[in-house]
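*Asks:* This is a predicted model, with the sequence first.
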Amino acid sequence: MSGGKVKRKTLVAREDLVNRLGLMAKKHGYTLFRLVNEILELAIQAEEEGLNLRRIFEDSRTLKSAKQAGFILGLESLWYDMAELAYGKARRKAVKSWFEAGKWLAKRYATGDAEDPFEAFKNRLESFTWNAPELSIERSGKEVSIRIVSPRFPESYTVLYTAFLEGALEAFGYQVAEREVSRGNIRLKAVGRGDNE
């Protein structure tokens, strides 16, 4: 920026939003002018990089939720290698651990403050499972259908992830009625044992 005087231009915005921005600016020790310009610069930068501000915000919330739920980031190939080792050395114990992890995570949602705990779990699972190009979780009445396809999933990870899903379904009161699992392909159909609607 040159040392000359900065030209200003009037922007029109909703009064309630301007008032809230004013409070935010004060809280962070900014002037309203500085905060508005910083927001505009970020919006322009996002646009220039082909990014969507709302999507950036949603992704940030997803990462925050993942962290709060006990997830950590790791290399996909390393994760698959660890799954392969655990599955090869102690298959039953590995499957049980993943099943219990699924139950534990689902119970966190079931006892949380979400209006529809299953829907909240489903939405987060869809967000967290970015290593699967095809993931579908459908709920209709007392039935839930899950379909996951990923050519990168080794057999061990496919089996373990299936156990995780089955543990979650059990915690939500569903019983698996149909199961089709092969390397990189998971299809589950579960039926509610009680009132899951």
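*Replies:* Alright, I've got the coordinates. Bear in mind that the values here come from a model prediction, so they are computed numbers and not experimental data.
*Asks:* Need the three-state assignment for the residue sitting nearest the centre point of the chain.
*Replies:* Geometric centre of the chain, nearest residue: S127, 2.9 Å, by Cα atoms, centre = their mean. With DSSP: H, G, I helix; E, B strand; the rest coil as the basis, S127 sits in helix.
*Asks:* quick one: it and R179, what's the gap?
*Replies:* Distance of S127 to R179, given as Cβ to Cβ, to the nearest Å: 24 Å. Every C-beta, even on glycine, is put in place using the N, C-alpha and C of the backbone.
*Asks:* on that earlier part again, in terms of helices and strands, where is the nearest residue to the residue nearest to the centre of the chain once chain neighbours are set aside?
*Replies:* The shortest distance from S127 to any non-neighbouring residue, by Cβ to Cβ, 6 or more residues apart in numbering, is to T62 (4.3 Å). For T62, the element it lies in under DSSP states H and E is helix 53-68.
*Asks:* which residues are in contact with whichever helix or strand E178 is part of?
*Replies:* Element membership for E178, per DSSP H and E: strand 174-182. The contact list for strand 174-182 (Cβ atoms under 8 Å, 6 or more residues apart in numbering) reads 144, 155, 158-159, 162, 166, 169, 186-193, 196.
*Asks:* again, but for stretch 119-138
*Replies:* Here stretch 119-138 makes contact (Cβ under 8 Å, 6+ apart) with 62, 65-66, 69, 71, 76, 105-106, 109, 112, 114, 139, 144-150, 152-153, 168, 172.
*Asks:* try it again with 6 Å
*Replies:* Residues outside stretch 119-138 that contact it (Cβ atoms under 6 Å, 6 or more residues apart in numbering): 62, 65-66, 76, 106, 109, 114, 145-150.
*Asks:* cool, and stretch 54-70?
*Replies:* 124, 127-128.
*Asks:* buried stuff in it?
*Replies:* By neighbour count on 16 or more other Cβ atoms under 10 Å, the buried set for stretch 54-70 is T62.
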